[in-house]
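Participant: Predicted structure and sequence below. I'll ask about it afterward.
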Amino acid sequence: MKAIILAAGFSRRMKAQKLLLPFGGRTALGAVVYNVLDAGFDEVVLVTSTETSGRCCVRDARLREALNTAPERGQSSSLALGLSETGEGDFCVTLADLPLVTAEEYARYRDLFLVRGERFTAMAPRRGGRFGHPSFFAPVWRERLAGATGDKGGRDVLGRYREEILLVAGEDSFFADMDTPEQYGQIMNKRV
């Protein structure tokens with residue numbers, strides 16, 4: 001299975017590039033990339049911006065970087081680029097501001113997706129009306145998600161095919177993104 005890591009956001013609420021903030025001896029971006037690779041994905045596409053390009057400091061033959069030259073078009077532009085850079089087959093989409101998601105959690109949920117019932121073509125964590133990450137998809141979702149627009153990424157698309165999605169509660173880490181200095185402080189406290 002392939003994985004797409006979206007890492008081209010502007011970090012406006014953080015007032016600094018959040019993905020380059022320290023996290024466990026690495027940057028937050030480096031922690032996410034290491035965890036996704038350690039989970040055993042066959043191929044990982046890291047979608048970056050000019051701020052994050054070349055900054056993950058991870059060397060692995062399975063990792064490729066794709067530069068989003070127009071991140072102002074929103075998260076959906078990064079998603080479309082990531083989809084175009086991965087080949088056929090099932091895939092995972094995750095965000096680079098979720099450094100608490102462990103390699104074991106990625107692997108456990110990937111394996112859960114691989115044994116899902118036939119009627120499900122996707123699996124996504126959802127709590128309190130909010131989708132989290134990582135999310136997992138069968139190939140039929142490539143075209144669907146490639147058509148997403150704006151900064152909501154694929155959320156609107158997921159809503160249109162809800163009956164095909166296996167919704168899971170997921171782990172707390174799937175919803176612990178770091179958009180503000182306060183959230184970053186909370187994440188750093190949980191890391192211990």
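Facilitator: Sure, I can see it. Numbers count the residues shown, from 1 in each chain.

Participant: from here on, contacts and neighbour counts on C-alpha atoms
Facilitator: Noted.

Participant: what's the closest non-adjacent residue to Val36?
Facilitator: Nearest residue to Val36, sequence neighbours excluded (Cα to Cα, 6 or more residues apart in numbering): Ala103, at 5.9 Å.

Participant: helix, strand or coil for the residue most central in space within the chain?
Facilitator: The residue lying closest to the centre of the chain (Cα atoms, centre = their mean) is Thr94, at 1.1 Å. What DSSP: H, G, I helix; E, B strand; the rest coil gives for Thr94 is strand.

Participant: need the contact list for it.
Facilitator: Ala3, Ile4, Ile5, Leu6, His133, Pro134, Ser135 (Cα atoms under 8 Å, 6 or more residues apart in numbering).

Participant: which of the residues you listed count as buried?
Facilitator: With neighbours counted by 16 or more other Cα atoms under 10 Å, those contain buried members at Ala3, Ile4, Ile5, Leu6, His133, Pro134, Ser135.

Participant: can you put the residues you listed in a markdown table and add distance to Cys57?
Facilitator: Converted to a markdown table, the buried ones among the contacts of Thr94 look like this (distance: Cα to Cα, whole Å):
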| residue | distance to Cys57 |
| --- | --- |
| Ala3 | 18 |
| Ile4 | 17 |
| Ile5 | 15 |
| Leu6 | 16 |
| His133 | 23 |
| Pro134 | 22 |
| Ser135 | 25 |
